[in-house]
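**Student:** here's my sequence, what's the structure:
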Amino acid sequence: MSYQHIDSFFRHNDGVNSAAEAHGLATGMLCVNGQTPSSAWIKQLSGEEAQIGGDQARLLVSLFEETQASLESDDYDFEPFLPDEDDVSLSEQIIALSEWCQGFLFGFGALYQAGEQSDQAKEILRDIAEFTKLDPDAAGEEDEVAFMEVSEYLRTAVLLLRAEFGSKGRARIH
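**Tutor:** So this is what the prediction gives:
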């Protein structure tokens with residue numbers, strides 16, 4: 001599934017800013033409740049009044065289901081949906097990662113009902129909030145390495161949050 005293809009859909013519609021933000025939203029929702037239906041995610045993306053149909057709906061449902069499967073996989077193959085480094089600059093990758101984190105926090109917050117959180121979960125959520133503020137004016141090998149480290153941290157952090165919250169049944173689905 002091409003990031004650019006899905007991203008162009010979001011760039012031409014109101015609502016979320018990018019495919020990264022949309023994927024973050026789905027991931028946040030699924031971390032809280034792995035049984036969240038794709039329709040709840042699409043409703044969050046487009047609002048009550050918007051209708052998404054045909055090929056666009058199938059594409060979105062496919063992205064959602066792939067995300068759901070990767071979070072549930074015993075192979076730990078989840079990856080944030082970000083543009084490929086061969087397709088965009090490091091600055092654009094950082095912006096997408098920041099948007100992904102914004103979407104994740106919104107999706108997580110949309111379904112999470114307050115309750116016990118481990119210190120580790122609190123720290124992870126604080127870190128993800130900090131990643132929304134990353135400086136996109138990065139260049140050079142050091143910044144590329146730092147971006148890769150943040151991306152890997154996110155991948156692992158999401159799986160830890162999913163393990164902590166995904167099965168506790170504290171979610172509400174709108």
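**Student:** would you indicate which residues of the longest helix seen in the chain are buried?
**Tutor:** The residue-count maximum for a helix in the chain (DSSP state H) belongs to helix 141-165. The neighbour-count criterion (16 or more other CB atoms under 10 Å) identifies 147, 150, 151, 154, 157, 158, 159, 161, 162, 164, 165 as the buried residues of helix 141-165. For the C-beta atoms, the positions are set from N, CA and C on the backbone; glycine is no exception.
**Student:** from the residues you listed, which is closest to residue 25?
**Tutor:** residue 158 (12.7 Å; CB to CB).
**Student:** can you tell me the centre-most residue of the protein?
**Tutor:** Most central in the chain under CA atoms, centre = their mean is residue 24, positioned 1.3 Å from the mean C-alpha point.
**Student:** so that residue is in which element?
**Tutor:** Using DSSP states H and E, the element containing residue 24 is helix 19-32.
**Student:** which elements pack onto whatever helix or strand comes next after that helix?
**Tutor:** Using DSSP H and E, the next helix or strand after helix 19-32 towards the C-terminus is helix 38-46. Counting contacts by 3 or more CB pairs under 8 Å, 6 or more residues apart in numbering; DSSP states H and E, helix 38-46 packs against helix 19-32, helix 54-72, helix 90-111.
**Student:** what lies in contact with the lowest-mean-pLDDT helix or strand in the chain?
**Tutor:** When the helices and strands of the chain are scored by mean pLDDT, DSSP states H and E, helix 3-11 comes last with a mean of 81. Identification of contacts with helix 3-11 by CB atoms under 8 Å, 6 or more residues apart in numbering yields 16-22, 56, 59-60, 63, 81-84, 87.
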